[in-house]
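Visitor: The amino acid sequence is not available; the structure is as follows:
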């Protein structure tokens, strides 16, 4: 089991986290050992997965760039708080792709505005 507040592994039956001191009860997360390797490829971090897919589609559909950036930041925060959930790489893909597309859109707007003013 892991402490939901700080992610430290806690022995079964413990009432408090040895690291942060938070009460252990319904907050614990049981991690099932997955020998198939899918736990590494497909994280248990829903926000990071959303960020990944929104980020991948943001070059095609620019409207997904802002949600990719936001869910990426939230997914990265969740991955740091819950190391057993993983997903930091997926969250970073969403942050980088979403942020890059936002920057590209802003550059296009500025270039269009300058072109319009020069006419």
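Guide: Perfect, I can see it now. Computed from a predicted structure; not experimentally measured. Residues are numbered from 1 along each chain as shown.

Visitor: make it CA atoms for all contacts and neighbour counts henceforth
Guide: Fine.

Visitor: correct me, but residue 51 touches residue 65?
Guide: No. Counting by Cα atoms under 8 Å, residue 51 does not reach residue 65; the two are 9.2 Å apart.

Visitor: if I look at the residue located most distally from the centre of the chain, how far off is residue 106?
Guide: Distance from the centre of the chain peaks at residue 119, with 43.9 Å (Cα atoms, centre = their mean). According to Cα to Cα, to the nearest Å, residue 119 and residue 106 sit 20 Å apart.

Visitor: and what of residue 74?
Guide: Applying Cα to Cα, the value for residue 74 to residue 106 is 23 Å.

Visitor: Which one's more surrounded, those two?
Guide: residue 74 (17 against 12; other Cα atoms under 10 Å).

Visitor: Go ahead and confirm that one touches residue 46.
Guide: No. Assessed by Cα under 8 Å, residue 74 is found out of contact with residue 46, at 10.0 Å.

Visitor: What count of nearby residues applies to residue 116?
Guide: 9.

Visitor: which stretch of helix or strand covers it?
Guide: helix 88-118 (DSSP states H and E).

Visitor: Can you tell me which helices and strands that helix packs against?
Guide: Judged by 3 or more Cα pairs under 8 Å, 6 or more residues apart in numbering; DSSP states H and E, helix 88-118 is in contact with helix 46-57, helix 65-81.

Visitor: Nearest the middle, which residue of this structure would you pick?
Guide: Taking Cα atoms, centre = their mean, the centroid of the chain lies closest to residue 75, which sits 2.1 Å from it.

Visitor: Quick check: the gap between that residue and residue 91.
Guide: 6 Å.

Visitor: Need the overlap of contacts for those two.
Guide: Shared contacts of residue 75 and residue 91 (Cα atoms under 8 Å, 6 or more residues apart in numbering): 47-48, 51.

Visitor: Same list (these) but as a markdown table, adding distance to residue 4.
Guide: What follows is the shared contacts of residue 75 and residue 91, written out as a markdown table (distance: Cα to Cα, whole Å):
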| residue | distance to residue 4 |
| --- | --- |
| 47 | 17 |
| 48 | 18 |
| 51 | 22 |
